[in-house]
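**Student:** Would you be able to build a 3D model of this:
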Amino acid sequence: MSDIAIDTAAAPGAAAPEPTPFLWRLLRKPLALAALAWLAVVALCALFAAKIAPYDPLDQDLLGVKQWPSHEHWLGTDALGRDVLSMLIYGGAPTLIGLVQAVVVAGSIGIGLSVTSGYYGGRFDAVVNQIVDLVLSLPTIVVLLAVLAVFHHNMLAAMVTVGLLGSASMTRVIRSVALGVRHELYIEAARIGGLSDAAIMTRHVIPRILGPVLVQISLFAVVTVLIETGISFLGLGVPPPDPSWGNMIADASVNVNDFPWLLVPSGAAAALTILAFGLLGDSARDAAAEGWSRPASAPKRAQVAAIAIKPVSAFDPQAVLSLRGLTITANGVARPIVNGFDLDLKPGETLGVVGESGSGKTMTILSLIGLLPHGLHVENGAMRLDGETIDLRDEKRLRRLRGHTLGMIFQEPMSALDPCFTVEHHIAEVLDRFETLSRRQAHERVIELLRQVQIPNPEDVARRYPHQISGGMAQRVSIARSLAPKPKVLLADEPTTALDVTVQSEILELLRGLSMSRGMAIILVTHDWGVVADICDRAAVLYRGDLLECADVVDLFNKPQHPYTRALLKSNPHSAPVGEPLPTIQDTLARMREGDA
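**Tutor:** This next block holds a predicted model:
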């Protein structure tokens, strides 16, 4: 039947699987369990060393030096007759304390800078890159030795320095991942939903890059253990005779020729800790990825939107949206991408914007919400919306229109929906941005919106992830998300692309019904003349950024005024004579010129 019927049949009577928490996914991995078990043992020994250690680590027995493991001393004794096991238990504390200090400093600086610079880009990103390059050029060992000399072997100062220096490499790696995520369509969809930059970074960017972040933190933890142990090994850290793993390794190196056993306990403790952090980082990365990369399902999406156009000299007071003189230019390109575009859109009206690829259709609607791609900018243009005149060059003002005044649905729904979150979360976060609702009220509103877009079993669909629903259903979810703030104008870029004919018809019927019931105006960008005829009240024809013609759909189909419009209509496959070659636009224009001659 329809796309929705297929979805329901795909899993008869089966509810969507509940998302498993991150910690539960992590604990199901044997290597992660082993790593956590070892780190837990080290941490507990460091915290409760006084109760666990069988001897005082500083007690010496000169009559029992360099003893092999026995029932009295499980790991033997060192060159001064001290119990090796007790020293090992007490010695883990300095390593763990230094590790926490360095990781907190490096993580807070590295993650914060990398995410913000990767998200915002521009000059801020350039400045961060210069600082990172400067820090990476510093010789770490030399700086660390200088700090230890100035602060007289203060391990806190040393570990903070390690964190500061290590944050640079962490920033560089994580920033490169954040740069790729910020251009995803679900980030743009979150912006249109009205979410703040901070909310987008914490809810959408960081969860998506959590895998690389965890790997970088685990790698840095490995390096920190090596550095802390190395500092003590050189005698610049924990002062002897206080126990630390580095001091124990240093003592073992002195006696390696006559009693090599001393190197085994301390070396094994450090090596196992390093290995545990490495395995834990890899397992945590996999567990984080499993949170959004579940058993695959549907792709592809469509969207809704529309608006109307009518060139006039002054703003139309009856229009919900009136646009004048929109001119979009690109860096290094002389000809404007969009040149002096005007339009008027009445409440409840649907306007189709048609033209060849590259004619400026999508750039026109993106300019209305301040989402032009990098390198493009509005050179001129003003918009009268909801009784207020807005300069289209003022991107900050345009941001405040997103969601509750101007909504948008992108061409690819599966790209515009964050795979880390459920359908309910996508809609609820938009509701949370514009309304104060309890969790129960938000849930009820989500279900109500899903019913409005004709999704069967909304309770079940709300628990699913984007990849667990079909393209047609993802389309409806995107529409529900756009409708949540109750926008006055809905913009849609190719809303029925890549959907089969039946689903296209359902989506168009849904948009038509929503426009009529809500009095919501729609701007619809499309290549399909059939879509224009089915849903639009008027249509505007664009060619290389110029508005050639705008008229009622019936008049446009029956009496096109511009030669390009006639050529565009003749190239429509739906109206081509059967058995004859489909005429191209250029062929039709050439014949028209010959006829005029």
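**Student:** can you give me the strands for the protein?
**Tutor:** 321-330, 338-345, 350-354, 376-385, 388-391, 406-409, 489-493, 521-525, 538-543, 546-552 (DSSP state E).
**Student:** which parts of the second one are buried?
**Tutor:** Applying a neighbour-count criterion of 16 or more other C-beta atoms under 10 Å, the buried positions in strand 338-345 are 338-339, 341-345. Using the backbone N, CA and C atoms, a C-beta is placed for each residue, glycine as well.
**Student:** quick one: strands adjacent to it?
**Tutor:** Using DSSP bridges, the strands paired with strand 338-345 are strand 321-330 (antiparallel).
**Student:** Return the set of buried residues in the partner strand.
**Tutor:** In terms of neighbour count (16+ other C-beta under 10 Å), strand 321-330 has its buried residues at 321-324, 326-329.
**Student:** with these in mind, which one is nearest to Phe48?
**Tutor:** Distance to Phe48, by C-beta to C-beta, is smallest for Ile328 among the buried residues of strand 321-330, at 66.7 Å.
**Student:** Quick check: the gap between that closest one and Leu376.
**Tutor:** 6 Å (C-beta to C-beta, to the nearest Å).
**Student:** Give me the common contacts of those two.
**Tutor:** Common neighbours of Ile328 and Leu376 (criterion: C-beta atoms under 8 Å, 6 or more residues apart in numbering): 337, 363.
**Student:** hmm, back to that, for the buried residues of strand 338-345, give me a markdown table that also has distance to Trp529 and pLDDT.
**Tutor:** Listed next are the buried residues of strand 338-345 as a markdown table, based on distance: C-beta to C-beta, whole Å; pLDDT from 0 to 100:
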| residue | distance to Trp529 | pLDDT |
| --- | --- | --- |
| Val338 | 22 | 92 |
| Asn339 | 24 | 90 |
| Phe341 | 21 | 90 |
| Asp342 | 23 | 91 |
| Leu343 | 20 | 90 |
| Asp344 | 23 | 90 |
| Leu345 | 20 | 91 |
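**Student:** Would you point out the most distant pair within those?
**Tutor:** The distance between the two most remote of the buried residues of strand 338-345 (C-beta to C-beta) is 19.7 Å, for Asn339 and Leu345.
**Student:** Ala357: neighbour count?
**Tutor:** If you look again at residue 357, you'll see it is Ser, not Ala. Neighbour count of Ser357, defined by other C-beta atoms under 10 Å: 7.
**Student:** just Ala126 next, same as before
**Tutor:** Residues within reach of Ala126, counting by other C-beta under 10 Å, total 10.
**Student:** With Ala198 as the reference, measure out to it.
**Tutor:** 22 Å.
**Student:** Helices of the stretch 451-597 of the chain, residue ranges please.
**Tutor:** Here the stretch 451-597 of the chain has its helices, by DSSP state H, counting those that start in this stretch, at 458-462, 471-483, 501-518, 529-535, 553-558, 563-570, 585-596.
**Student:** what's the offset of the shortest one from the middle of its chain?
**Tutor:** Relative to the mean C-alpha coordinate of its chain, helix 458-462 is positioned 24 Å out (C-alpha atoms, centre = their mean, to the nearest Å).
**Student:** Can you tell me which helices and strands that helix packs against?
**Tutor:** helix 423-434, helix 439-452 (3 or more C-beta pairs under 8 Å, 6 or more residues apart in numbering; DSSP states H and E).
**Student:** Buried residues, the shortest one. List them.
**Tutor:** Right, the one you point to is helix 423-434. Buried residues in helix 423-434, defined by neighbour count with 16+ other C-beta under 10 Å: 423-433.
**Student:** shaky segments in the stretch 1-150 of the chain?
**Tutor:** In the predicted model of the stretch 1-150 of the chain, residues 1-20 satisfy pLDDT under 70.
**Student:** which residue ranges form the helices in it?
**Tutor:** Using DSSP H, counting those that start in this stretch, the helices of the stretch 1-150 of the chain run over 3-10, 22-27, 30-47, 49-52, 84-120, 122-136, 140-150.
**Student:** Which other helices and strands does the second one contact?
**Tutor:** Contacts of helix 22-27 with other secondary structure elements, assessed using 3+ C-beta pairs under 8 Å, 6+ apart, are made with helix 30-47, helix 263-290.
**Student:** Likewise for the shortest one?
**Tutor:** Using 3+ C-beta pairs under 8 Å, 6+ apart as the contact criterion, the secondary-structure elements in contact with helix 49-52 are helix 84-120.
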